[in-house]
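Colleague: What follows is a predicted protein model with its sequence.
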Amino acid sequence: MIKRDKIIYWIATIWLALGMVSTGIVQLVKMKEEVDKTSLHLGYPVYFLTIIGIWKLLGSIAILLPKTGLLKEWAYAGFFFLMTGAIFSHVAVGDGALEYFGPTLLLVLTFLSWYFRPVERKVIYH
């Protein structure tokens, strides 16, 4: 792995983990703004915040731990589904471009972290 790829991987992975942990905590503590946006605006039940908050925290741990190839792949897939789901939810209610920024940024970071991950962090199929 060349140095440039390693730098891209770690920057993307650290920012991805920070983004997922921070939004996961906001969802778990059920901040009023988050509850209003998710429940009243997007139409999801409030308990959905607990589910996605826990998965964001667990996924962040998985992508940072070494030697957890398959678990890491599941975490990346989960982040992909969460962020595409968030984007499409905002599309469905007709939100403006500003609402797409957060989930789109996290989606791009998910892809960059997954794409540039070192060989020792990949699942190798024989």
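Modeller: Ah, there it is.
Colleague: Run through the protein and note the low-pLDDT ranges.
Modeller: Within the chain, the stretches with pLDDT under 70 are 1, 126.
Colleague: all strands of it, in order?
Modeller: In the chain, no strands are defined using DSSP state E.
Colleague: which residue sits closest to the spatially most central residue of it in space, ignoring its chain neighbours?
Modeller: Nearest to the mean C-alpha position of the chain, by CA atoms, centre = their mean, lies residue 79 at 3.8 Å. Excluding the flanking residues, the one nearest residue 79 by CB to CB, 6 or more residues apart in numbering is residue 110, at 4.4 Å. Where you see a C-beta, it was placed from the backbone N, CA and C, and this is true even at glycine.
Colleague: What is the neighbour count of residue 20?
Modeller: Residue 20 has 28 neighbouring residues, counting by other CB atoms under 10 Å.
Colleague: which residues touch it?
Modeller: By CB atoms under 8 Å, 6 or more residues apart in numbering, residue 20 lies in contact with 56, 57, 59, 60, 79, 106.
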